[in-house]
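S.K.: Got a predicted structure here, sequence first:
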Amino acid sequence: MRTKTEKLRLALMSSDYDVVVLTETWLHGNILDSEFSANYKIFRLDRNTATSSAARGGGALVAVKSELGAREVELANCERLEQSTVRINFHSFSLFVCGIYVRPRTTPDVYTLHAESVQQILEKATDQDVVVVVGDYNLPDLVWVFDEDVGGFLPANASSDAEVALTESFLANGLVQINFLLNNSNRLLDLAFVNDAAAFELLQPPNSLLPIDAPHPPFVLKLEICAHTPASESIDPVAEEFDFKRCNFETLNSRLEAVDWSTMDTAGSLDDAVTEFYDQLLNVLRDTVPVRARRFRCPSRTPPWWNSQLRNLRNQLRKARKRFVNRSSWGNKVTLSYLETEFAEQQVTSYQNYIAGVQDNLQSNPKNFWSYVKERKQVGEIPTDVSYREEKSTSPEAAANLFARFFETVHSSQDPTVPPEQLNELATYNINLPLLTVSVAEVKKALGSVDAAKGPGPDRIPPSVVKNCCSSLARPVTSIFNRSLSEGAFPSEWKVASITPIHKSGSRAKVENYRSISILSCLAKRGVLEWCLLSFLQPKAFVRLKL
């Protein structure tokens, strides 16, 4: 699959599968998870010296839709197995998915280790949980016969040590094999074991995500779930936020110009003045800016090479897939196959045109190139299954608390103190400095120079609003700045920052491997007030302003 990474990336962009399992991936550490799709969380075990003496080949990968909040399942004594296991928590049950690759002519003890690892999965599962174990087992001589009593297939001729080690343990634990799609040699190498055969329907997809390998025909497992939302998502999934992309800034500026900001001047304290400023600003925003539903879980990301034609085809494709899954008739299969082929061809063309454009415009627009590189190298999602010391997170809130506890240890909350004897030794100077003030024109220029492409801070006011409304916001912001300078204080609300963890290196599941960055509100950032102060000080030769 190593040579098919680009094809898989494009396929996952339009995939509706909640879980994708791939075996014999041929991946290695130089291929990043982010090279596949931002819509999926990747769990994989590549071939290594513990699993095989061969340097290449092998490996197993499980990809789960990002919004499902899948977590890796830790199992003991699996170092020699090319296997990956995940758990997805729903409101009333959990889904365990295990993908494995067993190379040909593997010794029986590897099958025994795998059976023992599956036993561990079953011990973690409750009676309501669903367990799926799929993979390439490379047991070509094993024949499977359908048994109506179990609703699946039983081994008819298990005789070798490897065959017995696998089947006896699985059958004893109530697992049933349900794959019946024979390969080009009329054999069954890929097996699908489940703990509830009646809950599943196995389908042959019209097209595969990747070019079909004749010995390994792909299959789809259909499992109907009433509550699709993961149980780990305890935060209210929907809230309202301002849709500034649809904002009419001419109207917004007009309304802000009409606000009576004099109420800020009579506020009791600097913090009261800032509160009054935001109250007035939010009242205007509520009247003039459209709102939209904001989903907190990871959204599907539209790739930059998609166009209206691809989106239209994508909608048709999604409907056709739903019809085929609900009723796998010949007509539905043909329609789906046609739409999948047409969409794949057009997406490849659009993607190639996009890449060509990035290359051709490298000198004139290097930003697009580096955005492409960043997307391919970075995993933007912050994991929720993290640990700190001996504690592990069980929800997004718990993960946030673990990050907060760790970040508290890397800074001191105590105010610095200076010994009195050192204070007495300080030299004093009589300097008559004028009271620092900034003008409305200076503040307007500073607000108009902010980077509109940046995101908002804790006050949820994006820099694009500050930039586009610099003329109407300049007067009240100037009032805050000058009061701050005269009182020698900084607004408490502007000291609040949103903390974002940034992965450094090592395991992404350990919070110690992250550093924090603080995201301030746009008006609180050093650049805005600093620009105004430097504009005041530089002409008086106190500092040299470097442009």
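M.R.: Arrived safely, thanks for sending.
S.K.: Please tell me I have it right and Arg314 contacts Glu340.
M.R.: No - assessed by C-beta atoms under 8 Å, Arg314 is found out of contact with Glu340, at 10.8 Å. All C-beta spots, glycine's among them, are computed from the backbone N, C-alpha and C.
S.K.: Tell me which of the two has more neighbours.
M.R.: In terms of neighbours (other C-beta atoms under 10 Å), Glu340 is the more surrounded of Arg314 and Glu340; the figures are 21 against 18.
S.K.: and the more buried one, that's in a helix?
M.R.: Yes - according to DSSP: H, G, I helix; E, B strand; the rest coil, Glu340 belongs to a helix.
S.K.: confidence score at it?
M.R.: Note for Glu340: predicted pLDDT of 90.
S.K.: Check Leu433 too.
M.R.: Leu433 is assigned 65 on the pLDDT scale.
S.K.: in the stretch 401-547 of the chain, which spans are strands?
M.R.: 497-503, 514-520 (DSSP state E, counting those that start in this stretch).
S.K.: Strand partners (parallel or antiparallel) of the first one?
M.R.: Paired with strand 497-503 in the same sheet, following DSSP bridges, are strand 514-520 (antiparallel).
S.K.: any idea how far Asp109 lies from Gln316?
M.R.: Asp109 is 50 Å from Gln316, where distance means C-beta to C-beta, to the nearest Å.
S.K.: follow-up on the earlier one: okay, the strands of the stretch 401-547 of the chain in CSV with mean pLDDT and distance to Ala474 next?
M.R.: What follows is the strands of the stretch 401-547 of the chain, written out as CSV (pLDDT from 0 to 100; distance: least, C-beta to C-beta, whole Å):
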stretch, mean pLDDT, distance to Ala474
strand 497-503, 89, 24
strand 514-520, 91, 20
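S.K.: Ok, which of those comes nearest Val450?
M.R.: Judged by C-beta to C-beta, the one of the strands of the stretch 401-547 of the chain that comes nearest to Val450 is strand 514-520, at 12.0 Å.
S.K.: ok, residues contacting that closest one?
M.R.: With contacts defined as C-beta atoms under 8 Å, 6 or more residues apart in numbering, strand 514-520 is touched by 403, 406-407, 410, 455, 457-458, 494, 497-504.
S.K.: Could you give the number of residues near the residue lying closest to Ser185 once chain neighbours are set aside?
M.R.: Counting by C-beta to C-beta, 6 or more residues apart in numbering, Pro215 is the residue found nearest to Ser185 once chain neighbours are left out, at 6.7 Å. Counted with other C-beta under 10 Å, the neighbours of Pro215 add up to 14.
S.K.: and if you look at the one 5 residues further on?
M.R.: Using other C-beta under 10 Å, Val220 has 15 other residues around it.
S.K.: Please report how far it lies from Leu122.
M.R.: Here the distance between Val220 and Leu122 works out to 24 Å (C-beta to C-beta).
S.K.: low-scoring pLDDT stretches of the stretch 401-547 of the chain, where are they?
M.R.: Counting by pLDDT under 70, the stretch 401-547 of the chain contains low-confidence ranges at 412-413, 433-434, 526-529, 531-547.
S.K.: The chain now?
M.R.: Scanning the chain for pLDDT under 70 picks out 1-4, 55, 227-239, 294-301, 377-381, 412-413, 433-434, 526-529, 531-547.
S.K.: For Ser464, see how far away Gly506 is.
M.R.: Counting by C-beta to C-beta, the gap from Gly506 to Ser464 is 36 Å.
S.K.: Those two: which is more packed in?
M.R.: Ser464 (20 against 10).
S.K.: can you pull the contacts of the spatially closest residue to that one that is not a sequence neighbour?
M.R.: Using C-beta to C-beta, 6+ apart and skipping residues adjacent in sequence, the residue nearest Ser464 is Ala452, 4.2 Å away. By C-beta under 8 Å, 6+ apart, the contact set of Ala452 is 462-464, 467-468.
S.K.: of those residues, buried ones?
M.R.: The neighbour count (16 or more other C-beta atoms under 10 Å) marks 462-464, 467-468 as buried among those.
S.K.: hang on, the earlier thing: ok, so of the contacts of strand 514-520, who is nearest Val132?
M.R.: The nearest member of the contacts of strand 514-520 to Val132, counting by C-beta to C-beta, is His503 at 29.9 Å.
S.K.: ok, what's across the strand from that closest one?
M.R.: Tyr514.
S.K.: Neighbours of it, how many?
M.R.: The burial count for His503: 15, using other C-beta under 10 Å.
S.K.: likewise the one 10 residues further on?
M.R.: The local packing of Asn513 (other C-beta under 10 Å) involves 15 other residues.
S.K.: what does Thr428 give?
M.R.: Residues near Thr428, counting by other C-beta under 10 Å, number 5.
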